[in-house]
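S.K.: need a 3D model of the following:
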Amino acid sequence: MAVRAMIRRVGVLSAIVSISLAMLAGFPRTASAQLLGDSTVNPAGDTDAAGQSEAFQTTASSTGSFNTLNVYVDSSSQSTQVIVGLYSDVNGHPGSLLVQGSTANPAAGAWNVITVTPTQVTAGVTYWIAVLGTGGTLAFRDHCCGGGSRMENSAQSNLSSLPATWQSGKSWNDGPASAFAGTAAPPPPPDTVGQWSSVMNWPLVAIHSIALRTGKVLLMDGWTQPNPTQVFDPATVTLTSAPNPFGLDIFCSAVVTLADGRVMVVGGSDPGTHSIKAVTVFDPASSTWTRAADMNMARWYATATELGDGRIVAISGQITQTTWADTPEIYDPATDRWTLLSGINTSQVHEEEYPLSFLQPNGKIFTIAPMVGLSFLLDANAQTWTPAGGTLKNGSATMYRPGKILYSGGGTPLTGQCHPCSHQHRPYIHCEKG
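M.R.: Alright, predicted model coming up:
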């Protein structure tokens with residue numbers, strides 16, 4: 001064993017303190033194709049010098065015969081040949097070699113499939129998968145760093161093939177390695193599917209997480225004035241403080257990305273007045289905040305949607321615990337001005353949390369009120385608010401293509417006695433012609 005390096009690449013973020021990050025790697029295989037070992041691409045890079053073998057303890061998950069040994073060779077590997085074998089277990093160490101096979105010019109950054117003589121294994125029995133590289137340093141993946149399954153080097157360091165009987169050297173508890181015995185092809189390579197990285201500990205609760213056009217992520221906490229704000233860089237796995245300097249609690253504000261990539265934060269919370277009119281804008285290019293014009297009405301748990309021309313429409317939101325901002329308003333970035341859409345009344349949309357709003361191809365805003373199971377179309381230019389039908393209550397929605405919305409889940413109100421997510425229906429909403 002030589003250098004170990006944790007590898008993290010971000011894909012998807014959870015808004016919690018300890019957060020799992022999605023990174024590109026291989027998903028597990030099905031149990032029917034894998035008899036023993038680990039078919040995931042583990043997060044840590046590990047190396048062995050040429051001629052130095054390392055074995056990884058594993059237990060067969062089922063009884064059967066395998067004809068392939070599979071190993072993930074890391075992209076940094078320099079080996080010109082990789083040898084993989086299976087050993088019996090003797091008193092917690094590798095014992096006798098049962099089978100081995102090799103591949104010349106192994107593919108780096110990919111699974112390598114090595115055909116071997118069909119070999120029988122028994123469920124519940126312990127075995128050892130051993131790897132050996134020649135012609136250069138072998139780089140592979142394992143679990144790292146402590147607390148895992150047992151792994152150990154051979155005491156011999158100038159091997160050209162795996163020895164018939166293992167001689168134990170140094171050992172660690174950093175397994176499993178990305179190697180397995182099976183009867184089918186290995187998982188897809190890391191650049192086509194995903195895997196979760198190690199858990200990260202963040203210094204804030206990311207109530208709001210906004211993907212920036214820089215490839216970074218803006219994170220905002222809540223319930224304090226001012227809110228802790230950080231920018232997360234998945235390329236370097238670092239957080240940089242970017243505090244909002246205006247002393248505002250922007251917890252449960254509406255957030256929308258402007259046409260130029262800046263992030264607008266609309267409304268928020270205030271312990272004295274319940275909600276605020278304030279609007280702030282974060283510029284990811286300079287990592288700075290500025291104030292925009294205040295709204296005409298205070299809003300908490302509002303929704304903000306960008307129109308095709310770059311203007312922003314704010315809909316609904318609480319003013320106090322018992323009053324609501326029932327008149328939408330529209331913001332023009334060119335003039336830094338909010339204008340009430342006085343011809344529209346959204347009193348049917350009194351959400352304890354957010355309304356769900358989506359811009360449609362026809363320029364209208366489709367808004368769902370999950371608490372009452374109703375939906376509406378807002379035309380900002382004509383100032384009309386038109387019922388668009390009902391759906392299940394308390395569900396969640398996403399627009400996966402322009403004008404096509406998937407509404408899923410739902411159930412009784414959160415104050416009811418039943419589980420709030422009892423429904424299993426998945427209505428499909430087509431809005432292109434609405």
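
S.K.: stretch 203-219: end-to-end distance?
M.R.: End-to-end distance for stretch 203-219: 11 Å, by CA to CA, to the nearest Å.

S.K.: now do it, average pLDDT.
M.R.: Regarding stretch 203-219, the rounded mean pLDDT is 94.

S.K.: from the middle of its chain, how far away would that stretch be?
M.R.: On the basis of CA atoms, centre = their mean, to the nearest Å, stretch 203-219 sits 12 Å off its chain's mean C-alpha point.

S.K.: got it, and stretch 285-299?
M.R.: Centre-to-centre, stretch 285-299 and its host chain are 29 Å apart (CA atoms, centre = their mean).

S.K.: ok, now stretch 72-92?
M.R.: 31 Å.

S.K.: please apply the same query to stretch 243-252.
M.R.: Taking CA atoms, centre = their mean, one finds stretch 243-252 lying 26 Å from the centre of the chain it belongs to.

S.K.: mind listing what's buried along it?
M.R.: Neighbour-count burial for stretch 243-252, counted by 16 or more other CB atoms under 10 Å, picks out 244, 248-252. No exception for glycine: its C-beta is placed from N, CA and C like everyone else's.

S.K.: so what's residue 186 scoring on pLDDT?
M.R.: In this prediction, residue 186 carries a pLDDT score of 60.

S.K.: ok so, going back, I'd like the buried residues of stretch 243-252 as a markdown table, with pLDDT and distance to residue 399 appended.
M.R.: Formatted as a markdown table, the buried residues of stretch 243-252 follow (pLDDT from 0 to 100; distance: CB to CB, whole Å):
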| residue | pLDDT | distance to residue 399 |
| --- | --- | --- |
| 244 | 89 | 28 |
| 248 | 87 | 29 |
| 249 | 84 | 29 |
| 250 | 86 | 24 |
| 251 | 86 | 25 |
| 252 | 90 | 21 |
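
S.K.: now, the residues you listed that are in helices?
M.R.: Using DSSP state H, no member of the buried residues of stretch 243-252 sits in helices.

S.K.: wait, which of the residues you listed is closest to residue 390?
M.R.: Ranked by distance to residue 390 (CB to CB), the buried residues of stretch 243-252 are led by residue 252 at 25.8 Å.

S.K.: residues contacting that closest one?
M.R.: 207, 222, 268-269, 300-301, 353 (CB atoms under 8 Å, 6 or more residues apart in numbering).

S.K.: helices or strands next to the host helix or strand of residue 406 in the packing?
M.R.: Following DSSP states H and E, the helix or strand that holds residue 406 is strand 404-408. Applying 3 or more CB pairs under 8 Å, 6 or more residues apart in numbering; DSSP states H and E, we find strand 404-408 packed against strand 396-401, strand 428-430.
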